[in-house]
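> A predicted structure for the sequence below; I have some questions about it.
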Amino acid sequence: HPSRFAHCSYTGPMPTATDRRQDLNLILREALAAVDPAAAVRRALSATDLAAAERVWIVGAGKAGVAMARAATEVVGGRLAGGVMAVPGQPDTPTPGITFIAGGHPLPTEGSVRAGGAVADLLGRTRPGDLVLALISGGGSALLELPEPGVSLADLQQLTDLALRAGAPIESLNRMRWRLSQLKGGGLLRLAAPARVLGLVLSDVIGNPLEIIASGPTVMPTLAGPTGWEVAERLGFAADLPATVGARLRGAPLDIEHASVENRIIGSNKLAGEAALVAAARRGYTPVYLGDT
């Protein structure tokens, strides 16, 4: 609802209830259009980004993955070397050059792990001069997974279930996921090297922290804040975790070499709110932005 983004007064002749409803619908449509996944990719990705790339690979995960991948392939054109996207379900029609794999949400599934393995295999083919487009949107943490050695899918499912039942904030849950995955917490960058990485990110997290959105596959995590083990202890489920998970959550973070990377937030509550402001003003209202937190 647009009132989530702005509080409006009206300076012209008072509109009728029908007029107000029509205005609100139009404002909402423009707010949503500002963060449409395909349109956001087309706005953010330009020929300049691709100019130095010999080959372009597309990888990623999220609920908006199909729309984002299709838009990216339109821009990339003949430079596309291949792609793998983890999404909630198989699309009705194929996208040439892109393999879509259905993962799980909110708990990872065998499909999530299969997608993670396919992404790792694809990234193993990169070379200097290549560009990896990482398309990230909400739900990516569960939809795309590649556990660290010694960590099973069942371990990840148990951790996620315990954390969700304990009311763990998404920031805390994703910090725990960093230590258990070969892809999260910047792990995708290590797999993509020596290629250059461009991350296009649709944010579903308040404040848009890149290292938290989809557990930050293209972002080297900051070490500030409590460890995953400390969070589990505080929320009361540390004793219920498998031993392998507990050991990794207590371990020191890895310092890994990784590819060069640029990340761009291409859609967020803030962008939707700003579009709502413009739409409301165009219709004679005087909107006041209340923030996106």
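Cool, got the structure.
> Kindly state the pLDDT recorded for Glu257?
In the prediction, the pLDDT value recorded for Glu257 is 61.
> what's Val151 sitting at in phi/psi?
Reported as degrees, to the nearest 10, the phi and psi values for Val151 are phi -110, psi 130.
> Which elements pack onto the host helix or strand of Gly273?
Secondary-structure element containing Gly273, defined by DSSP states H and E: helix 269-282. Identification of packing neighbours for helix 269-282 by 3 or more C-beta pairs under 8 Å, 6 or more residues apart in numbering; DSSP states H and E yields strand 6-10, helix 17-33, strand 285-289. Yep, even glycine has a C-beta here, placed from its N, CA and C like the rest.
> between the ones you listed, which gets nearest to Ala243?
The closest of the helices and strands packed on helix 269-282 to Ala243 is helix 17-33. By C-beta to C-beta, the value is 45.9 Å.
> Can you check what angle separates the very next helix or strand once past the closest one from helix 269-282?
The element immediately downstream of helix 17-33 (helix or strand, assigned by DSSP H and E) is helix 37-44. On the basis of axes from the mean of the first three to the mean of the last three C-alpha atoms, to 10 degrees, helix 37-44 is oriented at 90 degrees to helix 269-282.
> closest to Ala166 out of the helices and strands packed on helix 269-282?
Scanning the helices and strands packed on helix 269-282 with C-beta to C-beta as the criterion, the closest one proves to be helix 17-33, at 32.9 Å.
> what's the pLDDT at Ala120?
Here, the pLDDT recorded for Ala120 equals 97.
> and it, how many neighbours does it have?
By the measure other C-beta atoms under 10 Å, the count of residues near Ala120 is 18.
> how far away is it from Met220?
Ala120 sits 18 Å away from Met220, taking C-beta to C-beta, to the nearest Å as the criterion.
> Next: Leu143.
Between Leu143 and Met220 the computed distance is 21 Å (C-beta to C-beta).
> With Val132 instead?
Taking C-beta to C-beta as the criterion, Val132 is separated from Met220 by 16 Å.
> Comparing these two, which shows the higher neighbour count?
Just comparing Val132 and Met220: by other C-beta under 10 Å the higher neighbour count belongs to Val132, 30 against 18.
> other SSEs contacting the host helix or strand of the more buried one?
Val132 is located in strand 131-136, with elements delineated by DSSP H and E. Strand 131-136 makes packing contacts with strand 56-61, helix 65-76, helix 187-192, strand 196-202 when contacts are defined by 3+ C-beta pairs under 8 Å, 6+ apart.
> Extract the CA atoms of the third one and return them as CSV.
What follows is the C-alpha trace of helix 187-192 in CSV, where atoms were taken according to Å, rounded to 0.1, in the frame of the first residue of the first chain:
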residue,chain,number,x,y,z
GLY,A,187,32.1,-17.9,-1.9
LEU,A,188,30.7,-17.4,-5.4
LEU,A,189,33.6,-14.9,-6.0
ARG,A,190,36.2,-17.6,-5.2
LEU,A,191,34.5,-20.0,-7.7
ALA,A,192,34.2,-17.3,-10.4
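> which stretches of the stretch 151-293 of the chain have low pLDDT?
Counting by pLDDT under 70, the stretch 151-293 of the chain contains low-confidence ranges at 223-225, 252-257.
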